[in-house]
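Engineer: All I have is the shape, not the residue letters:
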């Protein structure tokens, strides 16, 4: 058995880790991989023709894992993998929250037979939100690893697990804040505040899709434990499918990144399909239960079955979170809503196919540029990061100067990338990976771009910008966005207006 993406004795800083592997001699469409942990429940995932993916839960400390590849009841291959989960709390966390109306029924949409305590109530929403966050954390770590940035991911705020049966094996869990708004349920579910409402020409002035996000910010101001300086991912508990209006009300998908205001909101209309713990992950991403339009919304016609609801809902929510962490809003294949394939990173099987889902079949969520930005975002720091240690208490700003030949962009921490935008998007990268190519001339670079791995000053001539854009030097509507080792990003505005 080959483990393809995780090294023996690797140290990570996440609750779940995604493991891909292969048994070369195995052939079978209904095989399975079983992962045993000495302290946590065993987990089972589908495998096809020897190829498998598994989401493995980790405890703090050393995790001695055993992987069994099974055909029927027969174990045809076995392997062990040791992974250590470390603690790194010297960076701000992503905080999780659920926002309720002041008179909320404290339930999310679910069909008859799937309603009741622990099924679609607030307690169930907390568990699903927590598990979803662990998957986001693992997803980000895997994608950063593949892009040469190390297994970086964000930290989650934690609390003691009050539900643990055995105190000796108790592990901290992600904390989910419950925020009670001063807004009524009727206001929350007013169609005029629903993002997907399509008003008539006469009604257009009444549409306010930002209402729910503003409501979160106002509620945070009066909530102990959160502030508008935190990084917050918030689930809107009172989202609701209204079949008479053919509309998901109480839902909006909005995010913002600002120095003192990085938060996002997303509706609960797909929460019924999310897993509550690691043992439910495979089941949820393979669930072909049909979405009943009498009780559940089919978001943009892409949630015909529950597994699609699970993938789209969690993937779209992660898209919102990535915006709070410096990804541009259009980077996550958002034009095609590609996050409907979010499931493919976690399991090797997809409903309707008996061909293994391999890496080439997975969603490519962000451009290389986004990974560069994430790598220098303080939320993604790893122990010993020189840039994080140097700049965690400050963010040296950019200075921009313009003359008749071009633009000087300066930052004392070092520049990591400059994005050049006009309709299409291009970028210049400054990294260890391409420094030797800059020095050799394989990548065109002027002298200031060769001065250091992360140059503190870059001059971009209008001629060079025109060459990059193939626009014959026409600077009309050209925008630049620069990012630095200190993790800050500056939109350099339109070139002609600097």
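Structural biologist: Sure thing, it's come through. Owing to the predicted nature of the structure, the values given are computational and were not obtained by experimental measurement.
Engineer: what comes up buried for the helix or strand hosting residue 255?
Structural biologist: Assessed by DSSP states H and E, residue 255 sits inside strand 254-256. Burial within strand 254-256, assessed by neighbour count using 16 or more other CB atoms under 10 Å, is assigned to 254, 255. In this view, the C-beta of every residue, glycine as well, is placed from N, C-alpha and C.
Engineer: cool, stretch 173-189 as well?
Structural biologist: 173, 174, 175, 176, 177, 179, 181, 183, 185, 187, 188, 189.
Engineer: and that stretch, how far apart are its ends?
Structural biologist: Using CA to CA, to the nearest Å, the span of stretch 173-189 from its first residue to its last is 31 Å.
Engineer: what does stretch 302-309 give?
Structural biologist: End residues of stretch 302-309 are separated by 8 Å (CA to CA).
Engineer: With stretch 230-239 instead?
Structural biologist: Start to finish, the residues bounding stretch 230-239 are 24 Å apart (CA to CA).
Engineer: From the chain's centroid, how far away is it?
Structural biologist: Per CA atoms, centre = their mean, to the nearest Å, the displacement of stretch 230-239 from the mean C-alpha position of its chain is 14 Å.
Engineer: Residue 271 - nearest residue in space that isn't next to it in sequence?
Structural biologist: Nearest residue to residue 271 in three dimensions, chain neighbours excluded: residue 108, at 4.7 Å (CB to CB, 6 or more residues apart in numbering).
Engineer: thinking the one you found is in contact with residue 120, fair?
Structural biologist: Yes. Residue 108 is within contact range of residue 120, at 5.4 Å (criterion: CB atoms under 8 Å).
Engineer: Residues in contact with both of the two, list them for me.
Structural biologist: 271, 272 (CB atoms under 8 Å, 6 or more residues apart in numbering).
Engineer: who has more neighbours, these two?
Structural biologist: With neighbours defined as other CB atoms under 10 Å, residue 108 and residue 120 compare such that residue 108 has more, 27 against 21.
Engineer: Which pLDDT value goes with the more buried one?
Structural biologist: Residue 108 carries a pLDDT value of 97.
Engineer: separation between it and residue 307?
Structural biologist: For residue 108, the distance to residue 307 equals 18 Å [CB to CB, to the nearest Å].
Engineer: repeat for residue 466
Structural biologist: Counting by CB to CB, the gap from residue 466 to residue 307 is 48 Å.
Engineer: Those two: which has the busier surroundings?
Structural biologist: Neighbour count, other CB under 10 Å: between residue 466 and residue 307, residue 307 has more, with 23 against 15.
Engineer: Name all residues that make contact with the more buried one.
Structural biologist: Per CB under 8 Å, 6+ apart, neighbours of residue 307: 273, 284, 285, 286, 287, 288, 343, 350, 351.
Engineer: Torsion angles phi and psi at it?
Structural biologist: phi -60, psi -30 (degrees, to the nearest 10).
Engineer: what do you get for the one 5 residues further on?
Structural biologist: The main-chain torsion angles of residue 312 are listed as degrees, to the nearest 10 and equal phi -70, psi -40.
Engineer: Show the pLDDT at it.
Structural biologist: 94.
Engineer: Around the nearest residue to it once chain neighbours are set aside, count how many other residues there are.
Structural biologist: Sequence neighbours aside, residue 340 is the residue nearest to residue 312 in space, at 4.7 Å (criterion: CB to CB, 6+ apart). Number of residues near residue 340 (other CB under 10 Å) recorded here: 22.
Engineer: just for the stretch 1-150 of the chain, where's the confidence low?
Structural biologist: Low-confidence segments of the stretch 1-150 of the chain, defined by pLDDT under 70: none present.
Engineer: just the strands in it please.
Structural biologist: 2-3, 10-12, 16-22, 31-36, 43-48, 51-57, 61-71, 74-85, 94-100 (DSSP state E, counting those that start in this stretch).
Engineer: could the ones you listed go into TSV alongside distance to residue 141 and mean neighbour count?
Structural biologist: As requested, the strands of the stretch 1-150 of the chain are exported to TSV (distance: least, CB to CB, whole Å; neighbours: other CB atoms under 10 Å):
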stretch	distance to residue 141	mean neighbour count
strand 2-3	16	14
strand 10-12	7	17
strand 16-22	7	22
strand 31-36	17	20
strand 43-48	18	22
strand 51-57	12	24
strand 61-71	15	17
strand 74-85	12	15
strand 94-100	13	23
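Engineer: and residue 149, which of those strands is closest to it?
Structural biologist: Set against residue 149 and scored by CB to CB, these come closest in strand 10-12, at 13.6 Å.
Engineer: Direction included, what does the closest one pair up with?
Structural biologist: Partner strands and pairing direction for strand 10-12 (DSSP bridges) are strand 74-85 (parallel).
Engineer: now, the most widely separated pair of the buried residues of stretch 173-189?
Structural biologist: Across those (CB to CB), the longest gap, 32.4 Å, separates 173 and 187.
Engineer: Surely residue 266 touches residue 318?
Structural biologist: No. Here residue 266 lies out of contact with residue 318, judged by CB under 8 Å, at a distance of 9.4 Å.
Engineer: Quick check: which ranges of the stretch 351-498 of the chain have low pLDDT?
Structural biologist: Going by pLDDT under 70, which is the cut-off in play, the stretch 351-498 of the chain has low-confidence ranges at 471-474, 492-498.
Engineer: what about the strands in it?
Structural biologist: Counting by DSSP E, counting those that start in this stretch, the strands of the stretch 351-498 of the chain are 399-402, 406-410, 415-422, 424-429, 457-461, 479-484, 489-494.
Engineer: With mean neighbour count and distance to residue 470 added, can I get those in CSV?
Structural biologist: CSV is the format used below for the strands of the stretch 351-498 of the chain (neighbours: other CB atoms under 10 Å; distance: least, CB to CB, whole Å):
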stretch, mean neighbour count, distance to residue 470
strand 399-402, 14, 22
strand 406-410, 19, 17
strand 415-422, 21, 10
strand 424-429, 16, 9
strand 457-461, 18, 15
strand 479-484, 22, 16
strand 489-494, 16, 19
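Engineer: nearest to residue 53, of those?
Structural biologist: Among these, the nearest to residue 53 by CB to CB is strand 424-429 (29.7 Å).
Engineer: Could you spell out the sheet neighbours of that closest one, each with its direction?
Structural biologist: Applying DSSP bridges to the sheet, strand 424-429 is found paired with strand 415-422 (antiparallel).
Engineer: List of residues touching the partner strand?
Structural biologist: By CB under 8 Å, 6+ apart, strand 415-422 touches 369, 372-373, 375-376, 409, 425-431, 454-458, 460, 465, 468-469, 471, 476-485.
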